[in-house]
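>>> Take a look and give me a structure for this.
(2 chains, ligands or ions: 1)
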Amino acid sequence: MKEGKPRLLLGNEACVEGAIAAGLKFFAGYPITPSTEIAELCAQYLPQVGGKFIQMEDEIASMAAVCGASLAGVKSMTATSGPGFSLKQENIGFAVQAEIPCVVVDVQRVGPSTGMPTSAAQGDVMQSRWGTHGDHEIVVLSPSSVLEAYTLTVTAFNIAEELRTPVILLMDEMVGHLREKVILPDRSELMVKARPKPDLPPGQYKPYADYGDPAKVAPLAAFGEGYRFHVTGLTHGEDGFPTNNPDVGARQIKRISEKIASRKKDLPQPEELFTDDAEVFVFAFGGTARSAKKAVRDARAMGLKAGLIRAITVWPFLEEPLLRAKAKKPKAVIVPEMNLGQIILPVKRVMGDACPVIGINKVGGRYIEPDEILDAIKEAILGGSAS
Amino acid sequence: MALPLEKYLRVGKLPHIWCPGCGHGIITQAIIRAIDELGLDTQKTVVVSGIGCSSRAPGYMNFDTLHTTHGRAIAFATGIKMANPELKVIVITGDGDAAAIGGNHLIHAARRNIGLTVICFNNNIYGMTSGQYSPLTPTGSYASTAPYGMVERPFDLCELVKGAGGTFVARSTAYHARHLTNVIKDALKYDGFAFVDALSQCPTYFGRRNRLRTPMDMLNWMRDHAVSASSWEKMSPEEREGKFPIGVLVNQPSRELTKVYGEILAQARKEAGANA
Ligand SMILES: Cc1ncc(C[n+]2csc(CCOP(=O)(O)OP(=O)(O)O)c2C)c(N)n1
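As a prediction, the model looks like this:
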């Protein structure tokens, strides 16, 4: 594949190329709009790089196969949309609990249920966070351009492998089906992390070692390498075997949460635009952030002090830029999102009653236009006099 | 002194969770014996299971082992086999695990002819959750969720897998421990999707409710109702009534999925190289 030259790429296509650049060697999926191109392109490209593709009988099986392949030692991914994402959730929880690195792409569409299969939405913000059962942390990344669909997919694999956890790439139809001119970075400039290998021989190797420092994660051996280790979704000790000991269980559950919570600084930090002197902040992510960026630029052109905070890591929620904004006593924080108000909840929690937190919400597939956000900025800065 | 099969067990993880009289230990032993007699490479053998009493077996077995989610063992195993076709992948599952929640994965793995050896510990009941009916509970039998007797009709697992295109299908029972071992050996040697319906007894949740008071009563029931595949062939429908065949029931070799995919890989790489 040609890096360094301008190309016209689809968001979903960029995701596949990013995955392959990151070392993807196994994809299992089940077709669902608007994610299907990802499966189709994996079917085509993976065999060319010695990777494997399989179309499973459903999304439950796809997620299971991805876990299995990852345990066999290869970088693995699946892609889906809302209804399929729901079916994957039990096995995403398995990957969380058993600490299996993998990447799960959710190209969001309008829901609930079959909803509007070909229309854009951002309704899976909470599903991506709390879709599976039980207490857990999960890393969710959301690209807002085609180029970022590429780079963030690489980042998703790096995080998955380093933290031994599933990483969700939360795309939306806007970005997935967007065609943009991009110049992909040269492979030599790309940071691609290999899966850390155990440094202890079989017998001494502890696949779920607790080092007392949650940021330190035990390397994962591959099946067939002679370690003969056990993997289970039951709460387990450091050796991987089930335990009913409440202390050991609690420690294990907390450790896998803290390994993510303690690494917030190492996750992709929000993009900030004009936040130094802003009086009004727009907080956005994914496809909607494109409109938000235009609105903030237009506001600046009019002399209005608007700033943008674009979350790239959606979960865990990175509070730091909002806390800085809060310290500036802003007039408002505006939160455009293509749902009935999901990411606004943590924003409100952080802002408290420091200022109004105003949602701009749309469902049904129509994009949020820059002018709608601009109007809200004007309203917040100029008050009722805004025309 | 170490027992001959001890090296295949994680002795430190014993005692097992199974009730006294349970058939799952007999089947686990048959699997281990088959592995031993075939001399399989223990470093290259992976045992995968779902959820249930039966699915606890891999935890006691000294291989790379994966205890997954309820019903999904075959799907996890599919990923393992695709990623590394050199591995011998054995799936241990229960009748609920394989035929209820996991039924879809079972028929699709059979259709694909992917190289997995699936051994179903079939005790006709949900053991782990204390005796609810399964798709293998015979009509009229009692279960905690069939207090008036099972009203549904059960699957014949071997016919199901055969109907789905299964190319190797066999059955044996915990009573026929030696026969079971041989059948499992044949399944392990088979290059493709191999399915073994291994009848087990659950004295705690099936026997007690169904007038088979002791584990021995249940084992004797297997002895009295099993018929060898060769005799079965010659029996009339009337003679077959209430009986079931054991032995290798289907053996129609066909190309194994990961081998076929391996050829695709070679072809795709050649084409990609030609276009570069
Ligand atoms: C998604 C899901 N549903 C239900 C259960 C509860 N459950 C655990 S084991 C089991 C049945 C097991 O029966 P079977 O597969 O026949 O195996 P056995 O215990 O009899 O060996 C059920 C329903 C579960 N763990 N996960």
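>>> so where do the strands sit in the stretch 251-387 of chain A?
Ranges of strands in the stretch 251-387 of chain A, per DSSP state E, counting those that start in this stretch, are A:271-273, A:280-285, A:306-311, A:313-315, A:332-337, A:357-361.
>>> Highest mean neighbour count out of those?
strand A:280-285 (a mean of 29; mean count of other Cβ atoms under 10 Å in any protein chain shown). C-beta here means a position set from N, CA and C on the backbone, and glycine is covered the same way.
>>> Compute the inter-axis angle for it and strand A:357-361.
For strand A:280-285 against strand A:357-361, the angle between stretch directions is 50 degrees (axes from the mean of the first three to the mean of the last three Cα atoms, to 10 degrees).
>>> how about the strands of the stretch 251-387 of chain A, which one is nearest the ligand?
When the strands of the stretch 251-387 of chain A are compared for distance to the ligand using Cβ to the nearest ligand atom, the nearest one is strand A:313-315, at 24.3 Å.
>>> helices and strands around that closest one, which ones?
Contacts defined by 3 or more Cβ pairs under 8 Å, 6 or more residues apart in numbering or on different chains; DSSP states H and E place strand A:313-315 against helix A:125-130, strand A:139-141.
>>> Report the mean confidence score over it.
Strand A:313-315 shows an average pLDDT of 98 in the prediction.
>>> same deal with stretch B:203-218?
pLDDT averaged over stretch B:203-218 gives 97.
>>> repeat for stretch A:98-113
98.
>>> do stretch A:275-290 as well
Stretch A:275-290 shows an average pLDDT of 98 in the prediction.
>>> So which residues of the stretch 1-150 of chain B form strands?
Counting by DSSP E, counting those that start in this stretch, the strands of the stretch 1-150 of chain B are B:45-49, B:64-67, B:88-94, B:116-122, B:125-126, B:132-133.
>>> Please identify the buried residues of the first one?
Looking back up the chat, that one is strand B:45-49. Judged by neighbour count (16 or more other Cβ atoms under 10 Å in any protein chain shown), strand B:45-49 contains these buried residues: B:45-49.
>>> So, low pLDDT: which residues of chain A?
By pLDDT under 70, the low-scoring segments of chain A are A:1-3, A:384-387.
>>> domain ranges for it?
Chain A breaks down by automatic domain parsing into domains covering A:1-268, A:271-386.
>>> The ligand: which of those domains is closest?
Each of the domains of chain A was scored for nearness to the ligand using Cβ to the nearest ligand atom, and the closest is domain A:1-268 (6.2 Å).
>>> Can you give the distance from the closest one to the centre of its chain?
Shown here is domain A:1-268, whose average C-alpha point lies 9 Å from the average C-alpha point of the whole chain (Cα atoms, centre = their mean, to the nearest Å).
>>> Relative to the top strand by length along chain A, what are the paired strands and their orientations?
Secondary structure assigned by DSSP state E gives strand A:102-110 as the longest strand of chain A. Looking at strand A:102-110 with DSSP bridges, its partner strands are strand A:75-80 (parallel), strand A:116-120 (antiparallel), strand A:166-172 (parallel).
>>> and the buried residues of strand B:45-49 near chain A, which?
Intersecting those with the contacts of chain A gives B:46, B:48 (criterion: Cβ under 8 Å from any Cβ of the partner chain).
>>> can you tell me which residue is nearest the centre of chain B?
Nearest to the centroid of the C-alpha atoms of chain B, with distances taken as Cα atoms, centre = their mean, sits residue B:119, at 1.6 Å.
>>> residues in contact with it?
When the contact criterion is Cβ atoms under 8 Å, 6 or more residues apart in numbering or on different chains, the partners of residue B:119 are B:27, B:31, B:90-93, B:184, B:187, B:196, B:198.
>>> wait, is residue B:258 part of a helix?
Yes: note on residue B:258: a helix contains this position according to DSSP: H, G, I helix; E, B strand; the rest coil.
>>> So which bits of the stretch 1-150 of chain A are right by chain B?
Taking Cβ under 8 Å from any Cβ as the criterion, the stretch 1-150 of chain A approaches chain B at residues A:25-26, A:28, A:47-50, A:52, A:54, A:56-58, A:60-62, A:64-74, A:76, A:90-91, A:94.
>>> I'd like the helices and strands packed on strand A:313-315 written out as JSON lines, with distance to residue A:324 added.
What follows is the helices and strands packed on strand A:313-315, written out as JSON lines (distance: least, Cβ to Cβ, whole Å):
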{"stretch": "helix A:125-130", "distance to residue A:324": "23"}
{"stretch": "strand A:139-141", "distance to residue A:324": "22"}
